[in-house]
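Q: Pasting the sequence and the predicted model now:
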Amino acid sequence: MYLTKEEERILKGEEGYVKQKAMEIIVALGDIYGADRLIPISSAQIAGVSYTSLGDEGIEWLESLRDCHVAVSAMLNPASIDLENWRDMGVSPEYASKQLRIINAYKRLGVKPICSCTPYLVGVIPRFGEHIAWSESSAVCYANSVLGARTNREGGPSALASAIIGKTSNYGYHLVENRKATVLIDVSVKLETLSDYSTLGYWVGEMIGSGVPYFRGLNLRRSEELKALGAGLGTTGSIAMYHVEGVTPEYAKALTDQVERLNFTDRELRGIYNKHFKPVGGSVELVAIGCPHMSLVELEEVAKLLKNRRVRRGHKLWLFTSIAVKRLAERCDILDIIRRAGGEVYTDCCIALAPLKSLGVRNIAVDSAKAAFYTRLLTRVNVSFGNLKDCIGSITEV
Ligand code: F3S
């Protein structure tokens with residue numbers, strides 16, 4: 001791979017140990033994937049934030065990165081707890097102090113403590129064709145597919161390395177030829193809810209594993225549906241990009257005659273709901289919505305569903321979003337409606353990473369196939385999956 005003189009100097013350690021290690025990571029990935037050179041990026045979104053996944057060794061490693069600052073705008077993936085209201089979640093001070101040490105270590109590197117998997121909802125919006133290095137799979141899908149920005153699915157260390165250097169290696173989805181459709185998905189069932197869209201993504205990820213699906217027959221009504229679709233795709237496969245006919249910016253030149261074809265019908269939709277997950281039922285103690293983090297429109301929808309209803313005693317309704325969207329919800333009185341009905345809006349964190357078992361929670365319900373998959377896998381609690389209305393209905397009363 002070609003490196004400029006300045007890049008060579010960094011690789012030799014002439015700009016310090018941390019930048020040298022960062023450059024080594026980027027160059028190693030470039031060599032593995034056949035990149036020709038490094039390219040500048042405009043932003044990085046870094047995974048590897050939760051204390052649950054990083055542990056004490058991760059904290060020590062992050063705190064050892066001294067005398068270094070990120071070169072481009074960089075923000076974080078969700079953590080395990082609400083950084084301000086962790087006490088309300090029932091999190092112990094010991095756990096919270098470890099999580100906050102991680103955030104502070106990133107802040108010392110110049111990374112913004114925007115802990116969200118929907119940075120594009122809070123003003124981090126790369127332009128069409130802009131190169132970025134983002135980590136979280138649903139955010140990567142959204143950036144590539146809906147915004148037309150260019151990113152691979154970075155791991156936490158490679159996104160951090162790219163943030164420090166301000167560059168990434170030129171391979172994968174940074175190249176136009178890798179952004180073409182590889183499979184055509186004909187959707188002949190009407191998708192009604194965000195959970196339906198996440199189910200479609202989940203099924204496609206399971207069927208193809210990798211590649212670039214091209215969707216035909218979708219009757220989209222709002223951008224939240226694209227957010228849910230991308231989250232599902234990233235769950236069961238390594239998919240980082242998709243096209244929707246007539247909707248996403250690169251669809252027109254994406255399809256060739258040779259691609260494989262799959263049909264998604266009512267049978268496939270029901271199959272995922274019924275075979276893979278437990279339906280939402282009476283045993284639910286906690287409903288968690290916001291995977292990926294909720295938009296203001298979604299919070300408003302929940303507030304409408306809670307009209308004249310209350311969360312039943314002994315049950316919890318947790319809604320997850322970014323700090324910016326929560327502030328807007330507060331200003332629009334949406335937060336007040338949700339709280340009066342017994343719900344709570346948490347920021348900065350992700351249900352799949354929350355220390356649920358230590359909080360005494362055993363049965364939760366979610367409206368996202370991604371949340372269902374990862375929460376079951378990572379927290380080992382019982383998880384049911386259904387649409388938003390059924391989830392809210394399971395723990396509320398008139
Ligand atoms: Fe976001 Fe966590 Fe879901 S990072 S996409 S809320 S699994």
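A: Good, I have the coordinates. Numbering: from 1, shown residues only.
Q: my read is residue 35 is in a strand, agree?
A: No: counting by DSSP: H, G, I helix; E, B strand; the rest coil, residue 35 is not part of a strand but coil.
Q: For the closest residue to residue 188 other than its chain neighbours, grab the count of nearby residues.
A: Spatial nearest neighbour of residue 188, excluding adjacent residues (Cβ to Cβ, 6 or more residues apart in numbering): residue 265 at 5.3 Å. The C-beta positions use only the backbone N, C-alpha and C, and glycine is treated the same way. Per other Cβ atoms under 10 Å, the neighbour tally for residue 265 reads 12.
Q: Then residue 253?
A: Residue 253 has 11 neighbours, counted by other Cβ under 10 Å.
Q: and what of residue 156?
A: Residues near residue 156, counting by other Cβ under 10 Å, number 18.
Q: Quick check: it touching residue 44?
A: No: using Cβ atoms under 8 Å, residue 156 is not in contact with residue 44; the gap is 10.5 Å.
Q: Mind giving me the packing neighbours of the longest strand along the chain?
A: Longest strand of the chain, by residue count under DSSP state E: strand 286-294. Here strand 286-294 touches helix 223-236, helix 296-305, strand 316-321, strand 363-366, helix 369-379, helix 388-395, going by 3 or more Cβ pairs under 8 Å, 6 or more residues apart in numbering; DSSP states H and E.
Q: one more time with 7 Å
A: Other elements packing on strand 286-294 under the criterion 3 or more Cβ pairs under 7 Å, 6 or more residues apart in numbering; DSSP states H and E are helix 223-236, strand 316-321, strand 363-366, helix 369-379, helix 388-395.
Q: Alongside the ligand, which residues does the protein contribute?
A: Selection of the chain residues close to the ligand by Cβ under 6 Å from any ligand atom yields 77-78, 117, 136, 138, 231, 291-293, 320, 350, 352, 370-371, 374.
Q: Just the buried residues of the residues you listed.
A: By neighbour count, with 16 or more other Cβ atoms under 10 Å, those hold 77-78, 117, 136, 138, 231, 291-293, 320, 350, 352, 370-371, 374 as buried.
Q: Can you report phi and psi for the residue nearest to residue 188?
A: Main-chain dihedrals, residue 265, degrees, to the nearest 10: phi -120, psi -180.
Q: likewise residue 204?
A: Dihedral angles of residue 204 (phi, psi; degrees, to the nearest 10) stand at phi -60, psi -40.
Q: Look up how far the ligand lies from residue 51.
A: Remark: distance between residue 51 and the ligand (Cβ to the nearest ligand atom, to the nearest Å) = 15 Å.
Q: my bad, should have said residue 259
A: Distance from residue 259 to the ligand, counting by Cβ to the nearest ligand atom: 28 Å.
Q: count of neighbours near that residue?
A: Look at residue 259: counted by other Cβ under 10 Å, it has 18 neighbours.
Q: per-residue pLDDT, it?
A: Per-residue pLDDT puts residue 259 at 92.
Q: Over to residue 357?
A: The per-residue pLDDT reported for residue 357 equals 82.
Q: and the helices and strands packed on strand 286-294 as CSV, adding distance to residue 1 and mean pLDDT?
A: Output for the helices and strands packed on strand 286-294, formatted as CSV (distance: least, Cβ to Cβ, whole Å; pLDDT from 0 to 100):
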stretch, distance to residue 1, mean pLDDT
helix 223-236, 28, 97
strand 316-321, 40, 97
strand 363-366, 42, 96
helix 369-379, 34, 94
helix 388-395, 47, 97
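Q: Using a markdown table, lay out the ones you listed together with distance to residue 82.
A: Converted to a markdown table, these look like this (distance: least, Cβ to Cβ, whole Å):
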| stretch | distance to residue 82 |
| --- | --- |
| helix 223-236 | 21 |
| strand 316-321 | 9 |
| strand 363-366 | 17 |
| helix 369-379 | 16 |
| helix 388-395 | 20 |
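Q: of all the ones you listed, which lies closest to residue 129?
A: Closest to residue 129 of these is helix 223-236 (Cβ to Cβ; 18.7 Å).
Q: Same question for the closest one: list its buried residues.
A: Residues of helix 223-236 classed as buried: 224-236 (neighbour count, 16+ other Cβ under 10 Å).
Q: what's the answer for stretch 175-185, then?
A: Buried-residue list, stretch 175-185, by 16+ other Cβ under 10 Å: 178-185.
Q: residues in contact with the residue of the stretch 151-300 of the chain found nearest the ligand?
A: Minimum separation of the stretch 151-300 of the chain from the ligand (Cβ to the nearest ligand atom) falls at residue 291, amounting to 3.2 Å. Residue 291 is in contact with 231, 320, 350-351, 366, 368, 370-371, counting by Cβ atoms under 7 Å, 6 or more residues apart in numbering.
Q: Pipe the buried residues of helix 223-236 into a markdown table and attach distance to residue 111 per row.
A: Formatted as a markdown table, the buried residues of helix 223-236 follow (distance: Cβ to Cβ, whole Å):
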| residue | distance to residue 111 |
| --- | --- |
| 224 | 27 |
| 225 | 30 |
| 226 | 27 |
| 227 | 23 |
| 228 | 27 |
| 229 | 28 |
| 230 | 23 |
| 231 | 23 |
| 232 | 28 |
| 233 | 27 |
| 234 | 22 |
| 235 | 26 |
| 236 | 29 |
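Q: Is residue 215 in a helix, a strand, or coil?
A: Following three-state DSSP, we place residue 215 in the strand state.
Q: next one: residue 24
A: Residue 24 falls in the helix class when you classify it by three-state DSSP.
Q: Give me the neighbour count for it.
A: Neighbour count for residue 24, taken as other Cβ under 10 Å: 14.
Q: Helices along the stretch 151-300 of the chain, start to end?
A: Per DSSP state H, counting those that start in this stretch, the stretch 151-300 of the chain carries helices over the ranges 156-165, 194-208, 223-236, 266-271, 296-305.
Q: ok, residues contacting the third one?
A: If I follow you right, that is helix 223-236. For helix 223-236, contacts defined as Cβ under 7 Å, 6+ apart pick out 118, 137-138, 141-142, 145-146, 194, 197-202, 204-206, 220, 239, 242, 291-292, 295, 297-298, 368-370, 373.
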